[in-house]
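Trainee: What follows is a predicted structure for the sequence shown.
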Amino acid sequence: RRFGKIAVVAADSTQAQAGVRAFTTKAGSANIALTVKQAADKLDFSAIARDIQDKNADALYIWLPDAQVNALLDALQNVGWNKTVISQSPMPENMAQSATFTDLLGASACSAAAYDNLSQQFVADYQAKWNALPPDNAAAYYDAVKLIAESLKNSGKDRTGLLNSLRNKKGYRGVQGVYN
């Protein structure tokens, strides 16, 4: 099975949209079946869930706040879509829906305040681009997007290959450290 059709749903924020651009670049825009930018105050995902189902997406990449993650997953469950979910946002702790989906892959929260050279460079680059200090989770999110996108690119969009690539990744150097 291949991830030839990836749906992308992200918040209408600068950070989320930058993450979507990075993911789309690494995953390959030809593999993106649908891209949706969702306003932060919108919790009705029923039309978006139907679009994801209608596009026959193999996987879903999301970058949304917790309440929207839950609302989207509920809407997907209601239309019977149960494939792989890749969340840039940490998965909410009350993921009752988790048994419904083939795989749920999510980021973990980390601090970008480390004093090593790579972390300091990340903070300097972030400040130069956004004229602000990065939020605590920015480095972890950055690492997760890069790691998932590289693994997706290297796996040939095959679901099993992606999971194996993530599980077997050795020596991947991210802002937060080396991932094995």
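Mentor: Received, thanks.

Trainee: CA only for contacts and neighbour counts going forward, please
Mentor: Noted.

Trainee: Tell me where the chain has strands.
Mentor: Along the chain, counting by DSSP state E, strands occupy 6-11, 32-38, 59-63, 84-87, 104-106, 172-174, 177-179.

Trainee: what residues does the last one touch?
Mentor: The reference is to strand 177-179. The contact list for strand 177-179 (Cα atoms under 8 Å, 6 or more residues apart in numbering) reads 169-173.

Trainee: Now distance to residue 64, neighbour count and pLDDT too, for those, in TSV please.
Mentor: Converted to TSV, these look like this (distance: Cα to Cα, whole Å; neighbours: other Cα atoms under 10 Å; pLDDT from 0 to 100):
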residue	distance to residue 64	neighbour count	pLDDT
169	26	13	82
170	29	11	82
171	29	10	83
172	26	12	82
173	26	13	84
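
Trainee: Just want the most central residue of the chain.
Mentor: residue 88 (3.1 Å; Cα atoms, centre = their mean).

Trainee: Give me the neighbour count for the closest residue to that one other than its chain neighbours.
Mentor: Residue nearest to residue 88 in three dimensions, not counting chain neighbours: residue 63, with 4.9 Å by Cα to Cα, 6 or more residues apart in numbering. Residue 63 sits with 27 neighbouring residues when counted by other Cα atoms under 10 Å.

Trainee: ditto for the one 10 residues further on
Mentor: Close neighbours of residue 73, defined as other Cα under 10 Å, add up to 22.

Trainee: Residue 132 too?
Mentor: Neighbours of residue 132 (other Cα under 10 Å): 11.

Trainee: Skipping adjacent residues, who's closest to it in space?
Mentor: residue 126 (7.2 Å).

Trainee: Would you confirm that the one you found contacts residue 134?
Mentor: Yes: using Cα atoms under 8 Å, residue 126 makes contact with residue 134 at a distance of 6.3 Å.

Trainee: where does the chain have low pLDDT?
Mentor: For the chain, applying pLDDT under 70 flags the ranges 1-2, 89-99, 106-115, 136, 157, 180.

Trainee: Would you indicate which residues of the top helix by length along it are buried?
Mentor: Ranked by residue count under DSSP state H, the longest helix found in the chain is helix 138-154. Across helix 138-154, burial judged by 16 or more other Cα atoms under 10 Å covers 138-153.

Trainee: Relative to residue 24, which of those is nearest.
Mentor: Of all these, residue 24 sits closest to residue 149, with 8.1 Å by Cα to Cα.

Trainee: Please consider this matter closed, and thank you.
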